[in-house]
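Q: turn this into a structure:
(one chain, ligands or ions: 1)
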Amino acid sequence: MVPNRQALNVSMMRSSSANNIRSEIRSYSEVQSVCIISLLQQLTEEGHFSKFDSRRRIEEALKDLFQDLRAATLEKDPELSQNSKSSPEQMIAGDEMKMKPYLIEVEYLRVENLRTAGNDLYAMGDLKGAMEMYTKCISLMETIPDGADRKEWRSQLMLLAYSNRAEAHFRLNFLEDALLDAEKALEISPQHVKSLARKGKILEALEHYEESRECFAAAIEEAPRDLSLQKALARCKVNYQQAFNGVFDLTKFYMEGKNATPPTCCNFVGPVEIRKSKGAGGRGLFATQNVKTGDLLMVSNALARAPDKETLVHEVATLCASSRRRLKQVYSLASELQILAEEENQIPSMDLFEPRSELELERAAGIELDLVRIHGIVKVNAITVWDSSPSDESDDKDASGTKYSALWLLPSFMNHSCTPNCVTYNPGREILFVRAGRDISEGEELCIAYFDILKDLETRQLCTVNWPFVCTCPRCTWEYSFPRALNEVRQRLLKVVSKAKSDCLKCLSAERPKVTKDLTCLILSLEKAIETADLELKHKNWIRGSLMDVYLASSRVLVALLEYIDPASRIQVLKVLVDAITALGGGDGICIEIGVMLFEEIEILYGRQSQESRIAESKLLEIFKLYHGKLTRNTFLALVSSHSQSTKRPAEFAVDDNEVWLFMKGLAEALSDVESSLKHSISDFLRLAGDPLFEMD
Ligand SMILES: C[S@@+](CC[C@H](N)C(=O)[O-])C[C@H]1O[C@@H](n2cnc3c(N)ncnc32)[C@H](O)[C@@H]1O
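A: Numbers count the residues shown, from 1 in each chain. Predicted coordinates for the structure are as follows:
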């Protein structure tokens with residue numbers, strides 16, 4: 001009998017010296033030794049040892065062994081010696097009948113060693129190497145005749161090879177191939193716990209939540225005490241609720257405050273559909289039913305994330321190379337070249353993005369990638385994000401987090417608007433929640449803001465230079481109709497601000513209350529002029545949005561000078577800001593900052609139980625709803641307190657009091673100079689904006 005793998009102990013040989021190998025092999029008969037040498041030679045040729053040990057050492061050991069063996073064989077076994085020439089293969093060929101069973105044993109040993117070599121490579125993190133070893137192991141096994149005495153051993157080996165390759169495929173993101181392997185393993189042994197768990201996990205990643213639950217449940221029947229399986233089964237229930245019912249409970253995350261680790265979330269596709277866009281270019285995303293403010297429209301995990309767009313192109317390409325479905329998803333997105341050539345893009349089926357009910361495997365084999373196309377797709381659709389999540393370990397951090405680029409799939413079909421009806425929220429981990437920013441009717445196009453829209457027309461136009469389009473949303477179209485008038489008002493206000501800066505001369509603390517009051521008056525009179533103008537509410541809010549830098553600069557100064565300002569006036573200013581920003585779609589979370597500030601000011605001024613506080617609370621709840629949906633009171637209060645820390649005195653406000661004071665004083669002086677002409681330009685502009693001739697939509 002040829003020594004089995006244990007006796008041969010190839011792994012021991014890998015680490016032992018050539019002498020150890022020699023003495024180990026000398027203890028076997030000549031025929032056994034021939035087989036072992038043959039095995040070792042083949043293993044060496046296949047490169048098994050090169051990764052673990054000095055290849056030369058093994059080869060030298062083999063050479064010596066072979067010399068020894070030949071001498072011994074010639075001496076002891078004339079029959080074999082007659083046939084023996086110069087290599088084990090030739091010796092084997094010379095006595096095929098006698099050697100055949102041993103040769104099969106050698107093959108079995110090779111198969112087994114390929115599998116263990118695969119395991120070793122896997123343990124070393126070489127997933128590709130491991131996958132290749134398992135593949136060689138499986139193909140070699142298929143060529144070996146099926147001896148009756150070896151049936152069980154054989155199926156055990158195939159089971160492990162398939163099951164392990166499933167894991168390697170899974171980790172390499174070859175999900176479809178991983179699933180096929182797990183299924184092959186389960187054909188051999190339907191109750192194999194590891195393979196059931198692996199299949200469950202692969203199906204989970206492929207968004208087949210129902211089947212994934214079945215696999216974990218079957219695995220638990222075999223191993224009822226396995227805690228990881230129980231955890232996985234519990235996760236399946238959550239997955240199902242998230243992916244099919246859009247129920248996401250982030251309470252724990254919100255309650256834990258700023259440093260909490262974001263939870264994992266499934267993709268969810270709500271009442272949305274890709275259709276041809278009427279307003280913007282190409283396709284867009286549309287509501288398939290009426291939705292209310294704060295309703296969840298979709299949740300999307302980024303396909304890939306990278307520190308910069310170039311790296312992202314390669315990440316995306318690697319993912320596409322491993323899955324035909326992913327390639328189809330990515331290729332359905334618009335590319336820069338297509339947009340520039342004004343090529344009509346197809347409307348992809350929503351099935352491509354929805355969690356699946358039918359299992360259709362589309363393997364990656366033979367995929368040819370067009371890197372130029374992927375580059376163009378990333379250029380148009382990738383988003384640069386700041387991540388401040390604590391789990392991120394990158395060194396490239398500053399106070400506000402890490403900058404990275406990411407590509408989302410379905411959200412990439414949303415066009416931009418400077419008056420968006422949807423709000424996005426990213427809790428971290430590249431998960432994007434998209435909610436209705438206001439009530440939306442069935443058939444309405446869903447738009448988000450690609451950049452900060454609390455800016456004037458000119459600045460917004462500059463923001464789109466990175467995209468191949470000029471925004472023609474209703475707000476831009478309206479503002480185009482009086483290109484100079486609004487800008488003139490804004491320029492005048494900004495002139496006041498910059499003159500104030502240069503006029504900062506001396507500081508008399510007795511004058512502080514007056515100057516702060518002047519600034520409050522400026523904002524309130526600007527607001528009064530807008531409020532009383534004969535304009536639609538949406539137009540008033542668009543004007544406020546375009547003058548937001550003036551509002552914000554002033555409100556920041558007011559916050560920095562808390563002790564000098566009349567709280568009732570400050571509350572009035574903050575209310576104006578909150579209403580305008582909410583109407584403009586939330587503005588990158590700044591609405592929450594100011595909303596929390598307002599809520600706390602009102603509580604301090606009027607008391608927690610006051611009517612004013614209750615109104616402010618329900619207003620703030622409405623703002624939170626845009627980002628987080630409906631909240632319990634406890635979660636609401638936790639969120640208020642986590643935002644409160646950041647709004648009390650944010651870095652931008654933490655300027656030297658004296659400096660702020662000087663700025664304020666200069667502002668007041670400058671203001672009195674230009675006050676009357678400023679008033680004129682505001683009223684001129686408002687008259688112009690209210691002229692029915694300029695009503696565009
Ligand atoms: C992320 S894609 C949005 C989906 C795209 N419309 C499509 O057909 O796949 C971004 C591209 O859509 C177009 N786009 C987005 N918002 C637009 C807008 N407000 N006006 C005109 N084109 C817009 C531009 O071509 C832009 O480069």
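Q: what residues does this protein have near the ligand?
A: Residues of the chain lying close to the ligand by C-beta under 6 Å from any ligand atom are 277, 280-284, 333-334, 339, 345, 380-381, 412-413, 415-417, 467-469, 471-473. Quick note: C-beta positions are derived from backbone N, CA and C, even for glycine.
Q: and the buried ones among those, selectable in ChimeraX?
A: For anyone working in ChimeraX, the buried entries among the residues of the chain next to the ligand, judged by 16 or more other C-beta atoms under 10 Å, can be selected with:
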select :277,280,281,282,283,284,333,334,339,345,380,381,412,413,415,416,417,467,468,471,473
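Q: if you look at the residues of the chain next to the ligand, which of them are in helices?
A: Within the residues of the chain next to the ligand, residues falling in helices by DSSP state H are Ile339, Val380, Asn381.
Q: which SSE is Val299 in?
A: Under the assignment given by DSSP states H and E, the secondary-structure element containing Val299 is strand 296-301.
Q: sheet-wise, list the partners of that strand with their directions.
A: Pairing partners of strand 296-301, with direction, according to DSSP bridges: strand 268-269 (antiparallel), strand 431-436 (antiparallel).
Q: residues contacting whatever residue of the chain ends up closest to the ligand?
A: Distances from the chain to the ligand, computed as C-beta to the nearest ligand atom, single out Gly282 as the nearest residue at 2.4 Å. Neighbour list for Gly282: Lys276, Ala334, Ile339, Asn345 [criterion: C-beta atoms under 8 Å, 6 or more residues apart in numbering].
Q: mind listing what's buried in stretch 241-251?
A: Neighbour-count burial for stretch 241-251, counted by 16+ other C-beta under 10 Å, picks out Gln241, Gln242, Ala243, Phe244, Gly246, Phe248, Leu250.
Q: what do you get for stretch 258-277?
A: Neighbour counts using 16+ other C-beta under 10 Å place 260, 262-263, 265-272, 274, 277 of stretch 258-277 among the buried residues.
Q: would you agree Ser417 is in contact with Cys447?
A: Yes. Between Ser417 and Cys447 there is a contact at 3.6 Å, judged by C-beta atoms under 8 Å.
Q: now do the shared contacts for the two.
A: Overlap between the contact sets of Ser417 and Cys447, as judged by C-beta under 8 Å, 6+ apart, is given by Ala280, Cys473.
Q: one step back: looking at the strands paired with strand 296-301, which is buried most?
A: Per residue and on average, the most neighbours among those fall to strand 431-436, with a mean of 23 (mean count of other C-beta atoms under 10 Å).
Q: parallel or antiparallel, which strands does the one helix or strand Thr424 maps to pair with?
A: Following DSSP H and E, the helix or strand that holds Thr424 is strand 422-428. Its sheet considered, strand 422-428 pairs with strand 431-436 (antiparallel) by DSSP bridges.
Q: identify the residues contacting Arg275.
A: Contacts for Arg275 (C-beta under 8 Å, 6+ apart) come out as Arg283, Gly284, Leu285, Phe286, Ile347.
Q: quick check: which element contains His643?
A: When secondary structure is defined by DSSP H and E, His643 falls within helix 633-648.
Q: rewinding a little: could the buried residues of stretch 241-251 be laid out in TSV, adding distance to Lys538 and secondary structure?
A: Listed next are these as TSV, based on distance: C-beta to C-beta, whole Å; DSSP: H, G, I helix; E, B strand; the rest coil:
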residue	distance to Lys538	secondary structure
Gln241	37	helix
Gln242	35	helix
Ala243	36	helix
Phe244	36	helix
Gly246	29	coil
Phe248	31	coil
Leu250	31	coil
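Q: of these, closest to Ile188?
A: Ile188 has its nearest neighbour among the buried residues of stretch 241-251 in Ala243, at 30.9 Å by C-beta to C-beta.
Q: the closest one reaches Phe268, doesn't it?
A: Yes. The criterion here is C-beta under 8 Å, and Ala243 meets it with Phe268 at 5.8 Å.
Q: so what's in contact with those two at the same time?
A: With C-beta under 8 Å, 6+ apart applied, the overlap between the contact sets of Ala243 and Phe268 consists of Pro355.
Q: what are the phi and psi values for Ala302?
A: In terms of degrees, to the nearest 10, the main-chain angles of Ala302 are phi -60, psi 140.
Q: do Arg326 as well
A: phi -60, psi -40.
Q: contacts only, for it.
A: Leu303, Leu319, Cys320.
Q: count the neighbours of the second one for me.
A: In other words, Leu319. 18 (other C-beta atoms under 10 Å).
Q: likewise for Leu227?
A: By other C-beta under 10 Å, neighbour count at Leu227 equals 8.
Q: how near is it to Glu142?
A: Distance from Leu227 to Glu142, counting by C-beta to C-beta, to the nearest Å: 37 Å.
Q: likewise for Ile347?
A: Following C-beta to C-beta, the distance that separates Ile347 from Glu142 is 45 Å.
Q: and stretch 129-136, what's its mean pLDDT?
A: Averaging pLDDT along stretch 129-136 yields 92.
Q: buried residues in it?
A: For stretch 129-136, the buried set under the neighbour-count rule, 16+ other C-beta under 10 Å, comprises Gly129, Ala130, Met131, Glu132, Met133, Tyr134, Thr135, Lys136.
Q: check stretch 338-347 too.
A: For stretch 338-347, by 16+ other C-beta under 10 Å, it's Gln338, Ile339, Asn345.
Q: next one: stretch 602-619
A: Using 16+ other C-beta under 10 Å as the burial criterion, the residues of stretch 602-619 that qualify are Ile602, Glu603, Tyr606, Ser613, Ala616, Glu617, Lys619.
Q: can you lay out the strands paired with strand 296-301 as JSON lines showing mean pLDDT?
A: Rendered in JSON lines, the data for the strands paired with strand 296-301 read as follows (pLDDT from 0 to 100):
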{"stretch": "strand 268-269", "mean pLDDT": "96"}
{"stretch": "strand 431-436", "mean pLDDT": "94"}
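Q: is it possible to export these to CSV including distance to Glu107?
A: Written out in CSV, the entries for those read as follows (distance: least, C-beta to C-beta, whole Å):
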stretch, distance to Glu107
strand 268-269, 51
strand 431-436, 50
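Q: re earlier: residues in contact with the strand holding Val299?
A: Under the contact criterion C-beta under 8 Å, 6+ apart, strand 296-301 has outside partners 242, 246, 248, 265-272, 287, 291, 408-411, 422, 429-436, 446, 629.
Q: kindly report the same for stretch 169-178.
A: Everything outside stretch 169-178 that qualifies as a contact, by C-beta under 8 Å, 6+ apart, is 127-128, 131, 166-167, 181, 198, 201-202, 205-206, 318-319, 322-325, 361-364.
Q: first-to-last residue distance for it?
A: With C-alpha to C-alpha, to the nearest Å as the measure, stretch 169-178 spans 5 Å from end to end.
Q: before we move on, what about stretch 204-213?
A: The separation between the terminal residues of stretch 204-213, taken as C-alpha to C-alpha, is 8 Å.
Q: how many neighbours does the residue nearest to Lys237 when sequence neighbours are not counted have?
A: Distances taken as C-beta to C-beta, 6 or more residues apart in numbering place Arg213 nearest to Lys237, at 7.4 Å, with adjacent residues excluded. By the criterion of other C-beta under 10 Å, Arg213 has 20 neighbours.
Q: cheers, nothing more for now.
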